[in-house]
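Undergrad: Sequence unavailable; structure follows:
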């Protein structure tokens, strides 16, 4: 008999940025991410800014996934409030969905990938960031400065990522 206790890996999905796509498109992209991860996350960390956060929270609650909202304290922290909030989410999450709108968010996604987190980005289409330390995708759909990405298509093989 095995006396060892099996502890499943905890999946905490952090959301970064926001987007103006429809609720149905957000749900479709989240479903693709779940297919890649292989199971529901244990918790989703959501910023309080934007309509996409409301859609994601409703979707998560319908699947009985715990959510935690992160507020930006603009009064106390001024212009860096969003950066402080995103850093808190990045420290806690194991997986990330980044709605890329700025260079800062692109660099944050690359940094998280280097820290062996599974990172999915959305910039008009959903992609999975693959770090240089792991297996490279043979036909990347988009190249960033320090890593490559893979388009999440129904029949495309998933590249191995550190903790995915």
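TA: Arrived safely. Because the structure is a prediction, the values reported are computed rather than measured.

Undergrad: quick one, helices of the protein?
TA: Secondary structure of the chain by DSSP state H: the helices cover 23-37, 51-62, 74-77, 81-92, 103-114.

Undergrad: how much distance is there from the first one to the middle of the chain?
TA: Think helix 23-37. Distance of helix 23-37 from its chain centroid, counting by CA atoms, centre = their mean, to the nearest Å, is 11 Å.

Undergrad: So what angle separates the directions of that helix and helix 51-62?
TA: For helix 23-37 against helix 51-62, the angle by axes from the mean of the first three to the mean of the last three CA atoms, to 10 degrees is 60 degrees.

Undergrad: residues making contact with helix 23-37?
TA: By CB atoms under 8 Å, 6 or more residues apart in numbering, the residues outside helix 23-37 that reach it are 11, 13, 19, 40-41, 52, 55-56, 58-59, 95, 97, 118, 120, 122, 126, 128, 152, 158, 164. Where you see a C-beta, it was placed from the backbone N, CA and C, and this is true even at glycine.

Undergrad: Could you turn the buried ones of the residues you listed into a ChimeraX selection?
TA: Buried residues among those (16 or more other CB atoms under 10 Å), as a ChimeraX selection:
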select :11,13,19,41,52,55,56,59,95,97,118,120,122,126,128,152,158,164
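
Undergrad: For residue 154, give me the pLDDT.
TA: Looking at residue 154, its pLDDT is 34.

Undergrad: Likewise for residue 20?
TA: At residue 20, pLDDT is 85.

Undergrad: Quick check: phi and psi at it.
TA: phi -110, psi 20 (degrees, to the nearest 10).
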